[in-house]
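A.B. asks: The sequence and its predicted three-dimensional model are supplied below.
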Amino acid sequence: MSSDVSHPVIHELETAGPDRLFAEPLHVGRPNLGDRHKLLERFGAVLDSHWLTNDGPNVRAFEAAIARCLDVQHCIAVSNATIGLQIAIAALELSGEVIVPSFTFAATVHALSWQGITPAFCDVELDTHNIDPVAAARLIGPNTTGILGVHLWGNPCAIDALRALADEHRLALFFDAAHAFGCSFDGRMIGNFGRAEVFSFHATKFLSTGEGGVIATNDEELAQKMRRLRNFGSEGDEAIGIGINGKMSEIAAVMGLTALESKGEFIARNQNNFLVYEEVLRDIPGVNLVSNPTVEQRNQQYIVVEVDDSLAGMSRDDTIAALHRQNVIAKRYFSPGCHRLEAYRSLHQSQYNPLPHTERLCDRLLQLPTGTGVSREDIVKIGDYLQRLTARARTAA
Ligand code: T4K
């Protein structure tokens, strides 16, 4: 995302006050680490043990801790969620086409393509931003073997409708749960749905191991197969099939174990930040905080805002450019949609399969900083700036 300034008001507000809103950049996705002292102690113990990877004791402990947390039978720690998705795809023996939302991070679709599968791009629901089961039904063809839903921003997909569709057409249903660790659906933790669910523990995620992830499943046979695939296709000392190296390191596992101990604090902080954003953005026309009122558990890792330029007086991209100039490093997840990426453009025929909701969200959404590094005062400053910025833009229009 470039921070090119195309809106004159951005300059005007800068000359009115030369100081940036923040001296240091305030990032979306700054890692939540937990207790640094404990983490350093654990790093030391790993180094002293001389055991750094290959299904080590910390990886096993981490898998067990995540399985308890999700109340799921099998958790397989992996080097990142992209590899985790590929392992799940290979284990499910998918081929041909898999239905997937275009409105997601490129990794979701790349994982399919890397396994030789053609993505059939599906539109999303405007309210949840997740794959639309009605649109998905229209995409089922003779070569379809699966549906890959994405629980975007930690909000669960329409799981029941997708399950019914998958069962009716004998398709494998599985989920990219990269954003959804600590979130629930119908009283059960995400991790328990579909054939398998894949979480990301990348630095920017709610729970972080630097790079990392976990595949969760309640299917024992599938779990064994995925463990094998993660380790070069090996059973014992011998590769009995083709696999990949998708193993998590001991250093990553102790980061995860440490962060997990602060899960409650991270959630409380994110939820509190969300409420402050709600308060400060409430009265800004055209700058709408996306909320999903629910009694379910949420990690609230993403603060998602929809900018309606006809009311805000400026576009989403100009709003991001203005925020960047103030050291608020807002993000533009996810734009463009995957169907418009160079790698997939020729594959997708918009005239036969338009994705109007995806296009709208790709044009209008931005994400603002949250997490343990963001305070109430920071959010009040961001809200106040957006108020002044858009008010000035509207009068200038
Ligand atoms: N499915 C979905 C739906 C996903 O969103 C993702 C990943 C995946 C699958 C695949 O999961 P992994 O294979 O990664 O486990 C970032 C992340 O790299 C990516 O993991 C994530 N989604 C995506 C949504 O965001 P970028 O290109 O935006 O990263 P970058 O370097 O611009 O960093 C984002 C922000 O985080 C910046 O404001 C800086 C801040 N940051 C970043 C890092 C790496 C930090 O403060 N500290 C850090 O260490 O993709």
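C.D. replies: Everything's here; your move.
A.B. asks: before we move on, which element is residue 100 in?
C.D. replies: Assessed by DSSP states H and E, residue 100 sits inside strand 97-101.
A.B. asks: how about the helix or strand just after that strand, does it get close to the ligand?
C.D. replies: Remark: after strand 97-101, the chain's next helix or strand is helix 106-114, criterion DSSP H and E. Yes - interface with the ligand: helix 106-114 contributes 107-108 (Cβ under 6 Å from any ligand atom). All C-beta atoms are positioned from the backbone trio N, CA, C, and that covers glycine.
A.B. asks: Please identify the buried residues of helix 106-114?
C.D. replies: 106-113 (16 or more other Cβ atoms under 10 Å).
A.B. asks: now for the helix or strand just after that helix, which elements pack on it?
C.D. replies: Next helix or strand after helix 106-114 toward the C-terminus (DSSP H and E): strand 118-122. Under the contact criterion of 3 or more Cβ pairs under 8 Å, 6 or more residues apart in numbering; DSSP states H and E, strand 118-122 touches strand 97-101, helix 106-114, helix 133-139.
A.B. asks: Mind putting the ones you listed into a markdown table with mean pLDDT?
C.D. replies: Converted to a markdown table, the helices and strands packed on strand 118-122 look like this (pLDDT from 0 to 100):
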| stretch | mean pLDDT |
| --- | --- |
| strand 97-101 | 98 |
| helix 106-114 | 98 |
| helix 133-139 | 98 |
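A.B. asks: TSV for these, including distance to residue 338?
C.D. replies: Listed next are the helices and strands packed on strand 118-122 as TSV, based on distance: least, Cβ to Cβ, whole Å:
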stretch	distance to residue 338
strand 97-101	8
helix 106-114	5
helix 133-139	14
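A.B. asks: OK, contacts around the residue lying closest to residue 116 once chain neighbours are set aside?
C.D. replies: Ranked by Cβ to Cβ, 6 or more residues apart in numbering and with sequence neighbours excluded, the top spatial neighbour of residue 116 is residue 95, at 7.5 Å. Listed by Cβ atoms under 8 Å, 6 or more residues apart in numbering, the contact set of residue 95 reads 116-117, 143, 145.
A.B. asks: how about the residues of the chain near the ligand?
C.D. replies: Residues of the chain lying close to the ligand (Cβ under 6 Å from any ligand atom) are 27-31, 80-82, 104-105, 107-108, 150, 176, 178-179, 200, 202-204, 213, 329, 331, 333.
A.B. asks: Pipe the buried residues of helix 106-114 into CSV and attach distance to residue 59 per row.
C.D. replies: Formatted as CSV, those follow (distance: Cβ to Cβ, whole Å):
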residue, distance to residue 59
106, 27
107, 22
108, 25
109, 28
110, 25
111, 22
112, 27
113, 28
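A.B. asks: so which of those would you say is closest to residue 91?
C.D. replies: residue 111 (12.6 Å; Cβ to Cβ).
A.B. asks: Spatially nearest residue to that closest one (excluding sequence neighbours)?
C.D. replies: Residue 111 sits nearest to residue 85 (Cβ to Cβ, 6+ apart), 3.6 Å away.
A.B. asks: Doesn't that neighbour belong to a helix?
C.D. replies: Yes - judged by DSSP: H, G, I helix; E, B strand; the rest coil, residue 85 forms part of a helix.
A.B. asks: Sounds good, over and out.
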